[in-house]
Each structure stands twice: as structure tokens, then as C-alpha cells.
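J.: quick check, what structure comes out for this input:
(one chain, ligands or ions: 2)
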Amino acid sequence: MLKRILPVVPVALIALVAAVVLGWPSKSEGDPQFKNVQVLTDLTMDELQDYMAEMVEHLGVKKCTFCHAQDKSSDEKEHKVIARQFIKFTKELNEGFFKDKESKVTCYTCHRGQEKPINKPEEEGKAEQK
Ligand code: HEC
Ligand code: HEC
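T.: Ligands and ions are numbered 1, 2, ... in the order given. Here you go, the predicted structure:
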């Protein structure tokens, strides 16, 4: 009887050690309701919802579905994956260069309510020629 149980023990032990060492199962550090939040980990679910609503406005996209599939934790839409990179970039700017500055960079700083920022004056129409 004991002989049959014994071989199981080392397997369980290895799995346990692996779980601790590899940090598995990995969970977001933030709100336990988060399933796949990788950058905005210091927000609560309420704060995250506010941040999302703000992004919709800053990019002028009107709808959450610009980035999200039905399951909001899914990364199947490319816009969400790109947006995550921009969130990370903006966060790094604000925690780095803009740390002691009064105003911070937001998506609106560049996007101005546009899906893609206009970053050359010509694209806004020729400068006024009065
Ligand atoms: C411009 C793209 C974009 C828009 C628009 C957007 N989201 Fe998100 N959303 C993201 C990204 C990127 C993440 C993941 C953030 C991270 O990894 O830190 C996310 C994460 C989430 C999550 C967490 C899901 C999880 O993993 O558990 C929720 C909930 C959510 N968004 C709701 C919304 C709602 C509601 C709206 C509309 C008001 C919205 N989002 C609009 C990009 C967007
Ligand atoms: C420093 C300026 C800057 C900031 C800040 C910025 N973006 Fe962008 N973003 C750009 C530029 C420039 C492009 C266009 C890049 C290209 O054409 O490939 C872009 C493109 C995108 C796109 C792809 C749009 C498309 O239709 O392909 C998404 C999504 C996006 N940004 C989300 C965000 C979000 C969300 C934030 C705020 C968390 C943000 N960006 C902040 C400059 C910025």
C-alpha cells in the first residue's frame, strides 16, 4: 500500500517547488477581478474603468469595441495590444521625465481625439496664409 503511494510524493513536491519558483499560477498584482491586466496593475477595477472611459475620449473612438472583443480580457484585437504598449510608454514617461512636472502626458497629449495623431502641420491643412 505504502509503496504505491510513495512514488506520487516526489511528483507533487516537484510541482509545488516549481509553482513557487516559477510563480505559478501567476495572477495580476492588482484587483483580483482582473484577468489579463499587465500594465495598469496598480489600479482598482473602478479606476481601471475610469481610465478606459478616458482612453475612449482621448482617441475619439467612441466605443470600447475599438479595442475589445466581447471578453474584455482577451487580446485578440490588435488595437488593444497596441494600446497596451502606449499605456506602458505613457506610464514610463510620467514616472520618469514628468515625475516632478505639474502636468503629465496622456493619450490626449498626442491623439487630440483622433485615432491616429496628426503630427505634421501640413496634415492639418496649410498654415493660414493671410
Ligand atoms: C484604446 C484601446 C482601449 C479602449 C478603447 C478600451 N480599452 Fe479596456 N483595455 C485596454 C487594454 C490595453 C487593457 C489591458 C491593460 C493592461 O494590460 O494593463 C484593457 C483592459 C480592460 C479591462 C480588464 C479586463 C481583464 O483583463 O480582466 C476591462 C474590464 C476593460 N478594459 C474595460 C473597458 C471598457 C468598459 C471600455 C469602454 C469604456 C474599454 N475597456 C475601452 C484597451 C482599451
Ligand atoms: C507621444 C505621442 C503619443 C502618445 C502619448 C500616445 N500615442 Fe498612440 N499613437 C501615437 C502615434 C504617432 C501613432 C501612430 C503610429 C503609427 O502610425 O503607426 C499612435 C497610434 C496609436 C494606436 C493605433 C491606431 C491605429 O488606428 O492603428 C493606438 C491604439 C494608440 N496609439 C493608443 C494610444 C493610447 C491608448 C495612448 C494613451 C495611453 C496613446 N496612444 C498615447 C502617438 C502617441
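J.: please make it C-alpha for all contacts and neighbour counts, starting now.
T.: Will do.
J.: close to ligand 1, is the helix ranked longest in the chain?
T.: As assigned by DSSP state H, the longest helix anywhere in the chain is helix 78-95. Yes. Applying CA under 6 Å from any ligand atom, one finds helix 78-95 in contact with ligand 1 at 80, 81, 83, 84.
J.: so which of those is the most crowded?
T.: Using other CA atoms under 10 Å as the neighbour test, the residues of helix 78-95 next to ligand 1 are led by residue 80, with 20 neighbours.
J.: enumerate every residue touching that one.
T.: By CA atoms under 8 Å, 6 or more residues apart in numbering, the contact list for residue 80 reads 67, 68.
J.: that one and residue 104: what is the separation?
T.: The gap separating residue 80 from residue 104 is 22 Å, by CA to CA, to the nearest Å.
J.: the residue in the chain positioned nearest to ligand 2: how many residues sit nearby?
T.: Residue of the chain nearest ligand 2, by CA to the nearest ligand atom: residue 107 (3.3 Å). By the criterion of other CA under 10 Å, residue 107 has 20 neighbours.
J.: looks like it contacts residue 57 (just checking).
T.: No. Using CA atoms under 8 Å, residue 107 is not in contact with residue 57, being 9.3 Å away.
J.: list the residues that contact both of these two?
T.: Counting by CA under 8 Å, 6+ apart, residue 107 and residue 57 have no contacts in common.
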